[in-house]
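# Curious how this folds, go ahead:
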Amino acid sequence: MWVPRKFDPLNKSLKKSKDGADYLGTNGATRRLGRSMALRTQPDREYDKKRIELGHEGPYLPILLEVCQEQELSYEYRDGVTSYGVYTFCVAKVLREQRILGINPSFKGLSQLVTAKLRRLKYNQTPNLVGFSKRIAAKIPWSAADADGNQQPAPTKRVAKTGRSKTAKSKTAKSKTAKSRAAKSPRKRRR
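Residues are numbered from 1 along each chain as shown. Prediction:
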């Protein structure tokens, strides 16, 4: 008979914190991707003391946008015959909508908008956002130039150019009107 094993928590003080499950999973012993748990094994007090001594912020923590919570499933969204991950579909849709409105959301704002859209589409899936609180609250950099912290407005949607000159457009318009006149005029029959 299979019996689940009990693992010792990787970091007891982190497990007790409000964000503990984001780092360690619900059991406190899961090594989750991107969390640098091998560098976060010391209790909070020791960790903070050492960090202050070294004048360091601590291990690097990227901003992690996860499709769903640990105990949930991620779903697919069908758009005709094409299938997308519902989270990816919603993120792309929200970013397009925000860009058209000229709004540059924060990572936290994006996560909240995507969660709301998932609820409207009736999916039982809650995205998870993990990262340093200041970075999560920062606006999403729309380009590499924005990544240094300079907050610029969201770029507006570009209008595609056809590449045809005005003379080519006028010739096309003239030929279309000539064709429509020819279609309307009665044809002479040959005998």
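# going forward, measure contacts and count neighbours with C-alpha atoms only.
Noted.
# show me the residues around residue 114 that make contact.
87, 90, 91, 94, 127 (CA atoms under 8 Å, 6 or more residues apart in numbering).
# Point to the helix or strand of this protein where mean pLDDT is at its lowest.
Ranked by mean pLDDT, DSSP states H and E, the weakest helix or strand in the chain is helix 166-184, scoring a mean of 52.
# Kindly indicate which of the contacts of residue 114 lies nearest residue 11.
residue 127 (24.3 Å; CA to CA).
# Show the pLDDT at the residue nearest in space to the middle of the chain.
The residue lying closest to the centre of the chain (CA atoms, centre = their mean) is residue 91, at 4.6 Å. For residue 91, the pLDDT comes out at 94.
# so residue 136 makes contact with residue 111?
No: taking contacts as CA atoms under 8 Å, residue 136 lies outside contact range of residue 111: 9.8 Å.
# quick one: buried residues of the helix or strand residue 51 falls within?
For residue 51, the element it lies in under DSSP states H and E is helix 44-54. The neighbour-count check on helix 44-54 (16 or more other CA atoms under 10 Å) flags nothing as buried.
# can you give me the offset of that helix from its chain's centre?
33 Å (CA atoms, centre = their mean, to the nearest Å).
# quick one on the thing from earlier: gap between the nearest residue to the residue nearest to the centre of the chain once chain neighbours are set aside and residue 25?
Excluding the flanking residues, the one nearest residue 91 by CA to CA, 6 or more residues apart in numbering is residue 114, at 5.9 Å. Going from residue 114 to residue 25 by CA to CA, to the nearest Å gives 23 Å.
# Tell me, how many residues neighbour the residue nearest to residue 44 when sequence neighbours are not counted?
Nearest residue to residue 44, sequence neighbours excluded (CA to CA, 6+ apart): residue 13, at 6.1 Å. Residue 13: 14 surrounding residues under other CA atoms under 10 Å.
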